[in-house]
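*Asks:* no sequence for this one, just the structure:
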DNA sequence: TCTGTAAATGATACTGTGTATCAAGTGGAG
DNA sequence: CTCCACTTGATACACAGTATCATTTACAGA
């Protein structure tokens, strides 16, 4: 049913997880999103593709992807419902306007040096990071 | 009832918000926490100090503090219930172990250069940031 | 290709976090 | 001291996310 596997699907299998229809569908929805998507939106789009996939499996899959650093839940505006961001190459960076909640993405975080320093000093193995800046966007300044 | 005002309380008043008993109590609980606290823990500790403070006010206050960048909600382990981190001087950094969910804090993020660069290039005004690393801690490696 | 089995699923009912509402209360400017 | 917009507490509610478990399925090994 899925003719080709995305690199993330292969990564999933190599981590010892089965490539089920539910997981591949959630992955497809995430990859086709703009990179910022709520669980409600994932549920809705998954149901459009295959209504037989249950709620629980979608949430289980989001948790699994989070533990694999494929996505990361974060807060954009309200206290409820996280927004999931894709972590291409294990990292993600954006600016959140604290007035209008607009999200501005950017590249080049320049964190590779500090990553290496932390790994050496704290004896940890870092696989990804999320960097969020807060402030006022150009329209709210 | 509160003999002295913390710098954050003064910041709150200067932003045009009233210094009510509910807000000062939530602030006190947050400042006495280790910097990582869930909404359930805030509710519990607030109730211990003053059981007349309502649930809704606690959540309203957490939202208010978030909009002021005094705290920032983030997800440590599950999809439910964010953990609130204090943002001293407007920033916070930690490492989350994706296996055991332990949180390791560290200083010196070295982000002042990129902050200035982003402000100049994108015409934004940045007031704070949250940097999360994900990976395996020394015990799970 | 077939089979066995542990992993994963879908359905359902449930838990509990966070919210809407609104009458009553209060901080703080003047 | 007074006034009033802001804030509160109580209550009932909505609904996101979870526990449970019988059923199904991916895929390793034969």
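*Replies:* Received it, and whenever you're ready, just let me know what you need. It should be emphasised that the depicted structure is a prediction, and the values quoted were computed from it without experimental measurement.

*Asks:* give me every residue that touches the closest residue to DNA strand D within chain A.
*Replies:* Chain A approaches DNA strand D most closely through residue A:39 (3.2 Å), counting by C-beta to the nearest atom of the strand. No exception for glycine: its C-beta is placed from N, CA and C like everyone else's. By C-beta atoms under 8 Å, 6 or more residues apart in numbering or on different chains, residue A:39 lies in contact with A:58, A:59, A:62, A:81, A:82, A:84, B:79.

*Asks:* Next: residue A:25.
*Replies:* Taking C-beta under 8 Å, 6+ apart as the test, what residue A:25 contacts is A:46, A:49, A:50, A:53.

*Asks:* Got the phi and psi for the first one?
*Replies:* It refers to residue A:46. Main-chain dihedrals, residue A:46, degrees, to the nearest 10: phi -60, psi -40.

*Asks:* May I ask you to confirm that it is in contact with residue A:54?
*Replies:* No: using C-beta atoms under 8 Å, residue A:46 is not in contact with residue A:54; the gap is 9.6 Å.

*Asks:* For residue A:116, the count of nearby residues, please.
*Replies:* 11 (other C-beta atoms under 10 Å in any protein chain shown).

*Asks:* so for stretch A:65-74, what's the average pLDDT?
*Replies:* Stretch A:65-74 comes out with an average pLDDT of 92.

*Asks:* For chain B, tell me whether it is touching it.
*Replies:* Yes: Stretch A:65-74 is in contact with chain B by C-beta under 8 Å from any C-beta of the partner chain, via A:66, A:67, A:68, A:69, A:72, A:73, A:74.

*Asks:* Using JSON lines, please lay out those together with secondary structure and distance to residue A:20.
*Replies:* Putting the residues of stretch A:65-74 next to chain B into JSON lines (DSSP: H, G, I helix; E, B strand; the rest coil; distance: C-beta to C-beta, whole Å) gives the following:
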{"residue": "A:66", "secondary structure": "helix", "distance to residue A:20": "17"}
{"residue": "A:67", "secondary structure": "helix", "distance to residue A:20": "16"}
{"residue": "A:68", "secondary structure": "coil", "distance to residue A:20": "15"}
{"residue": "A:69", "secondary structure": "coil", "distance to residue A:20": "20"}
{"residue": "A:72", "secondary structure": "strand", "distance to residue A:20": "22"}
{"residue": "A:73", "secondary structure": "strand", "distance to residue A:20": "22"}
{"residue": "A:74", "secondary structure": "strand", "distance to residue A:20": "26"}
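
*Asks:* ok, stretch A:82-95 near chain B or not?
*Replies:* Yes: counting by C-beta under 8 Å from any C-beta, chain B is contacted by stretch A:82-95 at A:82, A:90, A:95.

*Asks:* Closest one to residue A:113 out of these, please.
*Replies:* Nearest to residue A:113 among the residues of stretch A:82-95 next to chain B is residue A:90, at 15.9 Å by C-beta to C-beta.

*Asks:* In chain A, where's the longest strand?
*Replies:* strand A:125-136 (DSSP state E).

*Asks:* So which elements touch it?
*Replies:* Under the contact criterion of 3 or more C-beta pairs under 8 Å, 6 or more residues apart in numbering or on different chains; DSSP states H and E, strand A:125-136 touches strand A:71-74, strand A:91-97, helix A:112-122, strand B:125-136.

*Asks:* Report the buried residues of the longest one.
*Replies:* Spelled out, it's strand B:125-136. Residues of strand B:125-136 classed as buried: B:126, B:127, B:128, B:129, B:130, B:131, B:132, B:133, B:134, B:135, B:136 (neighbour count, 16 or more other C-beta atoms under 10 Å in any protein chain shown).
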